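Student: Here is my input, please return the structure:
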Amino acid sequence: MKKHSFHNQDQEGLFSRRKMLSVLGVAGLSGMSTTAVAREKEIQKKADKSPCIFYDSVVEMKQDRSLKEGDYIETKGYYEAGDGGHAKYQVIKSPEKADEGGIIALRSGLAAELINVDKVNYKMFGARSDGKNDDGEQIKAAHHYANENDIPVENTRGDFWIGKTDDIVIQTDVHWGKTIFHIDERQNTRTARFKVTGRRESVKITLSDTDKKAVLEALKNKDTNIPALTRYADSLIVIVDANDKVGARQGGNAHPGRNKQDFFVVEEDGRILGEVFLDFKDYTSLTAYPAERSYLTIEGGTFFLSGHSSDVLDKGYMSNGIQVQRSRTIIKNQWVGVEPGNKDIAMLSRSGFYSFSRAYDLQLKNVRLIPWEKTRGTKETNVPQGTYGISGNVIMNVLFSNITAEAGRIHWGVFGTNYTKNIRLEKCTLNRFDVHSYGYNIHILDSQIGAKGITVTGGGELRVENSSCRGSAIITFRSDYGSRWDGDILVRNCTYYPAGVSAGALLRYATRDVDYMYNIGYGRSITIEDVKIDYEENAASGTVFWLIAVSSIKSYEKSGKLFFPDHIVLKNISVKGREKGVRIMRVPSPDSFLLPKKFSYDGSFLSCNAKILLENIQLEHTSLGGSHISFDPLNGTPDEKSLVPFVRIKDCDNVICNMGRNLGELVLEDSVIDHVSLGGEEKYQGSVTFVNCKFRPYYAKDKVLRLDTVLGTSFVNCQLFLPQYSDTAPEDLLTLYSDFMKINGKVRFNHLGTRLGQDVLSYLKNKSVQLSPEFIVRLKAHHELED
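Tutor: Next up, the predicted model:
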């Protein structure tokens, strides 16, 4: 056995331990805990009076029978010199248990204790990297040691195989660099392989009756300060009422509702961050999850997953990656995929390689991972449940940045989350972003979302900007949770690529008359601006495309009336790759909705409670084959908060609008009119105004353009052209206008500068009809009181 011993006496020409450490370039003690630093200083004092013994490896050290308590040792490797497992030890009496890393068993009842470390790697704990050993055991021991001593793990290279080992707890910074992990998914359980946790324990909050009442009242009033929770500053608070169920799921995987649950952050002086979106009359538990007072960063690493189902589980979800239960955690610069040469053949669902729960202030950045296969084509090969790459539950203030996870149609959506708040996606390429229930404040920026689309339900601000999407819609509001979005919706500067012949909507809702155990509706406001619908990859598609697609339900006895946006703006929407344009929306019966504001109408003055503003939209040329925007007739008698809209259509061609006899105001500006229907023979209970419009209406047999209104019909600088005919033209080509204009005869309603098109003038000239001066004056300026 080969060893070298150096004594500490300088006059004999040998090195003291302190000088030796300096020569060897040890980084120092700055990364260690206070207790570890004090202990290390004591060790150094003793080391100054003791020799230091060198070995090529731990294996060689363990064979030495001459070691005694108090000896100081340095190895050049664990199994052999240069294998990366070099470390320094002190010989101590052997404790009850050795982990062969922090404590290494020696002969004669002794052990070598790891000393003077400000970081650790896996080779120091005996990881073999041979493809046979379960290196997870040594990896777990290394992180346990790092956690106990509050030092980072720095393992920047090497291949490591993880078999059965799971629940590897991480509580300190990790730098994996180019390290490669090979994970045998046959050994997957429901416990994650790595678990990031904090050191501060959760606290069950017990309040006096007075404070409890004050908390409930403050939450009801949406107060931004709750003094009774001041002592829990810097914590995530989760409130649950197990006696009140909400959010019943319908269809596949149905459930009768979950325990009512919400969450928020408390800061200094009881300041509340994160709006509470549910109302609580009581609660059965109130829990604080304290945040750590520092950020934990996990950087680097490549993960090769075997692609198998678990041999341990026979159903349900299996875990295979990193679970984060610690607030203020950052994970970045990682690659996740299937082991080279393998395929994803798993028949069990995965719960998410990255899984976040009960935490806030989180970041996942610069990551490549894959969605997992699900729909392989046969019952025998299909995975029975959704299978995920990223999951989350009760998480808040989360940034997902520069993440790539795309694949084909057999793959399930990479995202699957519940109970999320303040989620931001930026510069991501994903096959799907999904929130099953209760997403609140979601921003998707500068990203590309694939064929599985954006599928959400929840409330708050939903923004999609500078992005593209290839789903059945830019945003699909999940029908199994009632297609509910209780907040503002904004889509701006985006491109949508319709996927397949049946695709056709920017926003898609699919509600049913069932009890979802909460109010459902289409948002509080909708703004869609500067959107391009690109059919170049699907040019043969002739399907109808709706900007907003909703269900038409005649009964709302079970679900209750829906809330409806009081402000809708659709502007600058174009189609590329096919000539056929878009339709806007078919609005179910206005008395199906409950608006936040009352309308008022006294037969003379109308105050609407919603605005629908449409501008510069490339509409489909339907030839009376359907309306671009229409309102279904009333189911019954409207109440004071039923939908009564102000509708303005500007800079649109081929407009066909049907108001369905519903109360409202309609204004059309700078547009080409194909047809306007107010819904019946009787006067429309509202008003209609045309400004700078061109009329080229379609003629249907025995039909005329009826524009009678109670509150007035006005034409300002409009032109009337010959109607368009799909069938045999009538003898009088201008008969469609006969209800409000007859050549050289009556002119009804309000007119200012109404003109006849050149085609009309040519038609009259060919019929030898000369316009009378009185008729021209009426077109130039006419008031309805003159009718």
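
Student: hey, let's count contacts and neighbours off CA atoms from now on
Tutor: Noted.

Student: Poorly predicted segments of the stretch 251-400 of the chain, please.
Tutor: Across the stretch 251-400 of the chain, no stretch falls below the confidence threshold (pLDDT under 70).

Student: and with 90 instead?
Tutor: 251-257, 275, 277-278, 314-316, 379 (pLDDT under 90).

Student: Checking my notes, Ile139 in a strand, right?
Tutor: No - counting by DSSP: H, G, I helix; E, B strand; the rest coil, Ile139 is located in no strand; its state is helix.

Student: correct me, but it touches Arg128?
Tutor: No - the criterion here is Cα atoms under 8 Å, and Ile139 misses it with Arg128 at 10.6 Å.

Student: So which of those two has more stuff around it?
Tutor: Ile139 (27 against 19; other Cα atoms under 10 Å).

Student: Give me the neighbour count for Ser66.
Tutor: Neighbours of Ser66 under the rule other Cα under 10 Å: 7.

Student: Next up, the contacts around it.
Tutor: If you count contacts by Cα atoms under 8 Å, 6 or more residues apart in numbering, Ser66 has none.

Student: start the count at 720, not 1, going forward
Tutor: With 720 as the first residue, the last one maps to Ser785.

Student: can you pull out the strands in the stretch 920-1069 of the chain?
Tutor: In chain order, the stretch 920-1069 of the chain shows strands spanning 922-923, 954-965, 977-985, 991-992, 1004-1009, 1015-1024, 1036-1037, 1041-1043, 1048-1057, 1068-1087, with DSSP state E, counting those that start in this stretch as the criterion.

Student: make that the stretch 770-919 of the chain, sorry
Tutor: So, for the stretch 770-919 of the chain - with DSSP E, counting those that start in this stretch - the strands run 771-774, 791-794, 806-812, 822-824, 829-833, 872-873, 878-881, 887-889, 893-902, 913-915.

Student: possible to save those strands as JSON lines with mean pLDDT, mean neighbour count and distance to Val985?
Tutor: Written out in JSON lines, the entries for the strands of the stretch 770-919 of the chain read as follows (pLDDT from 0 to 100; neighbours: other Cα atoms under 10 Å; distance: least, Cα to Cα, whole Å):
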{"stretch": "strand 771-774", "mean pLDDT": "95", "mean neighbour count": "22", "distance to Val985": "53"}
{"stretch": "strand 791-794", "mean pLDDT": "96", "mean neighbour count": "24", "distance to Val985": "49"}
{"stretch": "strand 806-812", "mean pLDDT": "95", "mean neighbour count": "21", "distance to Val985": "44"}
{"stretch": "strand 822-824", "mean pLDDT": "93", "mean neighbour count": "23", "distance to Val985": "42"}
{"stretch": "strand 829-833", "mean pLDDT": "95", "mean neighbour count": "24", "distance to Val985": "41"}
{"stretch": "strand 872-873", "mean pLDDT": "98", "mean neighbour count": "22", "distance to Val985": "32"}
{"stretch": "strand 878-881", "mean pLDDT": "98", "mean neighbour count": "23", "distance to Val985": "39"}
{"stretch": "strand 887-889", "mean pLDDT": "98", "mean neighbour count": "24", "distance to Val985": "25"}
{"stretch": "strand 893-902", "mean pLDDT": "98", "mean neighbour count": "21", "distance to Val985": "29"}
{"stretch": "strand 913-915", "mean pLDDT": "98", "mean neighbour count": "22", "distance to Val985": "22"}
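
Student: quick one: common contacting residues for Ile858 and Arg847?
Tutor: Residues within reach of Ile858 and of Arg847 at once, by Cα under 8 Å, 6+ apart: there are none.

Student: picking up where we left off before, using TSV, lay out the strands of the stretch 920-1069 of the chain together with mean neighbour count and distance to Cys1371.
Tutor: Compiled in TSV, these are given as follows (neighbours: other Cα atoms under 10 Å; distance: least, Cα to Cα, whole Å):
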stretch	mean neighbour count	distance to Cys1371
strand 922-923	14	59
strand 954-965	19	43
strand 977-985	22	44
strand 991-992	20	43
strand 1004-1009	20	54
strand 1015-1024	21	52
strand 1036-1037	23	51
strand 1041-1043	26	51
strand 1048-1057	21	47
strand 1068-1087	22	43
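
Student: mind giving me JSON lines with these and columns for distance to Gly1398?
Tutor: What follows is the strands of the stretch 920-1069 of the chain, written out as JSON lines (distance: least, Cα to Cα, whole Å):
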{"stretch": "strand 922-923", "distance to Gly1398": "60"}
{"stretch": "strand 954-965", "distance to Gly1398": "39"}
{"stretch": "strand 977-985", "distance to Gly1398": "43"}
{"stretch": "strand 991-992", "distance to Gly1398": "49"}
{"stretch": "strand 1004-1009", "distance to Gly1398": "54"}
{"stretch": "strand 1015-1024", "distance to Gly1398": "62"}
{"stretch": "strand 1036-1037", "distance to Gly1398": "54"}
{"stretch": "strand 1041-1043", "distance to Gly1398": "57"}
{"stretch": "strand 1048-1057", "distance to Gly1398": "58"}
{"stretch": "strand 1068-1087", "distance to Gly1398": "52"}
